[in-house]
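Peer 1: pasted the sequence and its predicted model underneath.
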Amino acid sequence: MKAMVWGLSGACGRAGRAVALAVLLLLSAGNGRSASAQTQEIVETFDSLTKLITAASYIGGLGFAVGAIIKFKDHKDNPQQTPVGTPLALVAAAAALLFLPSLRDTVSSVTTGGSGATLSASLSCPVFVGEGTLLGEDRCVWAKAGPQWTEQSGTTAQGSTYRAGGQAEIAPEWFLGGAIGAGNQTMQSYGITSRSQTFDASVSLKRTAGPWLFAGAVAFTANSTQASGIPSLQLGDVTSNAYGGGLRVRGAYDFAFTGWYVRPRLDLDLVHRRMPGFQVMTQGMAVLSVSDFAKTSFVATPTVEIGGRLDIQSTRMILRPYAAVGASFQPDNTSTFNVQFAGPLAALGGFQPSVIGPSVLANVEAGVQLYRSNSMEIKAEYTLTTGSSYLSQAASLRGAWHF
C-alpha cells in the first residue's frame with residue numbers, strides 16, 4: 001500500500017463549499033447573508049483544504065445530524081409547517097459528510113491493489129548451482145503465509161496474505177512458474193472501519209544463462225473493499241470493487257564469491273487498475289456517487305541483494321541468509337476520482353478528491369532460506385517499504401518442495 005493523503009484538485013472549490021455549508025448550518029441562520037457567500041469566504045481563508053475537509057466533514061455532519069433530530073421533532077409537532085423532506089435532506093447531508101473522510105480509504109484500495117507483490121510471487125524458486133554461490137532455478141511447489149502492517153496519514157491497516165505456487169522446467173534453462181493468492185485487510189480511519197479481500201494470480205517465464213537471469217511475469221488482482229456504515233443515520237455499508245493487471249520484466253546478474261554473492265536486479269513494471277463506480281446510500285437514497293476510474297502506471301525498481309551460503313554437513317542442508325535494499329520509482333503516483341453529490345444534495349455539484357502517493361519508496365528485504373537439494377525448504381522473510389508519510393511491513397513463512 002502506498003502512502004496516501006486526501007488531496008484536492010483545482011476543481012475542488014465546490015467540495016469546499018459543500019463541506020463549509022455544513023459548518024455554516026448553525027452559524028448563518030438569521031444573519032441575512034447567503035450561505036454561498038460565507039462559504040466562499042471560508043474557502044478563501046484557508047490555503048490548504050485537506051485538513052479543513054476532514055475536520056469540517058465531521059463537524060458539519062454532526063451539525064446536520066443534530067439539525068435532523070430537531071427537524072424530525074418539528075415535523076412531529078407540526079407536519080404542515082415542517083414537511084418530512086426537510087429532516088430527510090438533513091440526514092442525507094449528515095451521512096454524506098460523515099462518510100467523506102473514509103472515502104479516501106475506499107477509493108485508495110484501487111491504487112494499492114498489490115500487483116507488485118503478486119508479480120514477485122511467481123518469480124521465487126532460487127537455489128544455488130552446484131557447490132558454489134551462483135544462484136539458479138529449479139522445479140518446486142510452495143506455499144506461504146504471513147501478516148502485514150501499514151501506517152499512513154490518519155490510517156492504520158493490518159491483514160494477512162496466503163499464496164501457493166510452483167515452477168517447472170519446460171526446456172533446458174527455461175522455467176514456467178505460477179502462483180495464486182488471497183488476502184484480507186482491516187483499515188481504521190477517522191472512526192470508520194474498512195475491510196477488504198484480495199484475490200490474485202500470476203504467471204512467469206524465466207531464462208537462466210550462467211550468471212544472468214531474464215524473466216517476465218503477468219498478474220491479475222481483484223479487490224473488494226467494504227466500509228462500515230453509520231446505523232444511527234441508516235448509512236449502510238459501502239462496497240467498492242477494483243481490478244488490476246500487471247506486467248513485469250526483470251533482469252539480474254550474479255557476482256559469485258567464495259561463501260557469498262552479490263545480485264543486482266532491475267524490475268520494470270506496467271500496472272493497470274480499474275474501479276467501477278459506486279454509490280453511498282442512506283434512507284434508501286443516494287447521497288454520493290463515485291464515477292468509474294482507470295489508470296495505468298509505470299514503476300522502476302532497482303535492487304541489490306547480498307547473500308551467503310553455509311553448508312550444514314550433518315544434515316546436508318544449505319542455509320542462505322540474504323538481505324536486499326532498493327527503491328521503487330513511480331513518476332505519476334496521483335489518482336484523481338470524480339465524486340458527485342446525489343439525491344437531495346445534487347445541487348451542490350461535485351468535486352475531485354485525489355489519492356496521492358510518494359513517487360519514491362525505499363524497500364528493504366531480509367530472510368533466511370534453509371533447504372536440501374531435491375527435497376524440502378523452509379524460508380522466513382521480512383520486508384519493509386517506506387516513503388513520505390507511509391510505512392508498510394510484512395513477514396512471511398514459506399514451505400516448499402524441490403524436485
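Peer 2: That came through fine.
Peer 1: just checking, Gln279 touches Leu288?
Peer 2: Yes: A contact is recorded between Gln279 and Leu288 when judged using C-beta atoms under 8 Å, the distance being 6.7 Å. C-betas here are computed from N, CA, C, even on glycine.
Peer 1: so which of the two has more stuff around it?
Peer 2: It is Leu288, of Gln279 and Leu288, that has more neighbours when counted by other C-beta atoms under 10 Å, with 24 against 15.
Peer 1: which strands or helices does whatever helix or strand Ala380 lives in pack on?
Peer 2: With the criterion set as DSSP states H and E, the secondary-structure element containing Ala380 is strand 376-387. Applying 3 or more C-beta pairs under 8 Å, 6 or more residues apart in numbering; DSSP states H and E, we find strand 376-387 packed against strand 140-152, strand 360-371, strand 390-402.
Peer 1: where exactly do the helices run in the chain?
Peer 2: Per DSSP state H, the chain carries helices over the ranges 13-23, 35-45, 50-77, 85-108, 115-121.
Peer 1: if we can go back for a sec, now the common contact residues for Gln279 and Leu288.
Peer 2: Applying C-beta atoms under 8 Å, 6 or more residues apart in numbering, one finds that Gln279 and Leu288 are jointly contacted by Ala342.
Peer 1: where does the stretch 151-300 of the chain have low pLDDT?
Peer 2: 153-154, 189-192, 228-237, 282-283 (pLDDT under 70).
Peer 1: let's have the helices and strands packed on strand 376-387 in a markdown table, adding mean neighbour count and distance to Phe298.
Peer 2: Below are those laid out as a markdown table (neighbours: other C-beta atoms under 10 Å; distance: least, C-beta to C-beta, whole Å):
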| stretch | mean neighbour count | distance to Phe298 |
| --- | --- | --- |
| strand 140-152 | 18 | 22 |
| strand 360-371 | 17 | 14 |
| strand 390-402 | 17 | 19 |
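Peer 1: between these, which one is nearest to Phe293?
Peer 2: Nearest to Phe293, of all the helices and strands packed on strand 376-387, is strand 140-152, at 19.5 Å by C-beta to C-beta.
Peer 1: list of residues touching the closest one?
Peer 2: With C-beta under 8 Å, 6+ apart as the contact definition, strand 140-152 has outside contacts at 1, 3-4, 124-125, 156-167, 183, 185, 377, 379, 381, 389-403.
Peer 1: right, and the helices and strands packed on strand 376-387 - which one's nearest Thr133?
Peer 2: That would be, of these and by C-beta to C-beta, strand 360-371, which comes in at 12.9 Å.
Peer 1: Gly178: which of the helices and strands packed on strand 376-387 is closest?
Peer 2: Using C-beta to C-beta as the criterion, the shortest distance between Gly178 and the helices and strands packed on strand 376-387 is 10.3 Å, found for strand 140-152.
Peer 1: what's the angle from the closest one to strand 390-402?
Peer 2: Strand 140-152 and strand 390-402 are oriented at 170 degrees to each other (axes from the mean of the first three to the mean of the last three C-alpha atoms, to 10 degrees).
Peer 1: and strand 140-152, C-alpha only, in PDB?
Peer 2: C-alpha atoms of strand 140-152 as PDB (Å, rounded to 0.1, in the frame of the first residue of the first chain):
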ATOM      1  CA  CYS A 140       9.400 -26.700  -7.000                       C
ATOM      2  CA  VAL A 141       6.000 -26.300  -5.400                       C
ATOM      3  CA  TRP A 142       5.500 -24.000  -2.500                       C
ATOM      4  CA  ALA A 143       3.000 -22.300  -0.100                       C
ATOM      5  CA  LYS A 144       3.500 -19.200   2.100                       C
ATOM      6  CA  ALA A 145       1.500 -17.100   4.500                       C
ATOM      7  CA  GLY A 146       2.100 -14.100   6.700                       C
ATOM      8  CA  PRO A 147       0.800 -10.800   8.200                       C
ATOM      9  CA  GLN A 148       1.200  -7.200   7.000                       C
ATOM     10  CA  TRP A 149       1.000  -3.900   8.900                       C
ATOM     11  CA  THR A 150       0.700  -0.500   7.300                       C
ATOM     12  CA  GLU A 151       0.600   3.000   8.700                       C
ATOM     13  CA  GLN A 152      -0.200   6.200   6.700                       C
END
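Peer 1: and that strand, which strands flank it?
Peer 2: Paired neighbours of strand 140-152 in the sheet (DSSP bridges): strand 155-171 (antiparallel), strand 390-402 (antiparallel).
Peer 1: can you put these in CSV and add distance to Arg248?
Peer 2: Compiled in CSV, the strands paired with strand 140-152 are given as follows (distance: least, C-beta to C-beta, whole Å):
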stretch, distance to Arg248
strand 155-171, 15
strand 390-402, 19
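Peer 1: out of these, the one nearest Asp269 is which?
Peer 2: Of all the strands paired with strand 140-152, strand 390-402 sits nearest to Asp269, with 16.9 Å by C-beta to C-beta.
Peer 1: tell me the pLDDT at the residue nearest to Asn363 when sequence neighbours are not counted?
Peer 2: Closest residue to Asn363 apart from its sequence neighbours, by C-beta to C-beta, 6 or more residues apart in numbering: Gly326 at 4.6 Å. Turning to Gly326, the model gives it a pLDDT of 96.
Peer 1: residues in a beta bridge with Gly326, which ones?
Peer 2: For Gly326, the beta-bridge assignment (DSSP bridges) gives partners Thr303, Asn363.
Peer 1: circling back: in JSON lines: the helices and strands packed on strand 376-387, plus distance to Phe175.
Peer 2: JSON lines is the format used below for the helices and strands packed on strand 376-387 (distance: least, C-beta to C-beta, whole Å):
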{"stretch": "strand 140-152", "distance to Phe175": "10"}
{"stretch": "strand 360-371", "distance to Phe175": "17"}
{"stretch": "strand 390-402", "distance to Phe175": "12"}
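Peer 1: which one of those lies nearest to Asp311?
Peer 2: Going by C-beta to C-beta, the one of these nearest Asp311 is strand 360-371, 11.4 Å.
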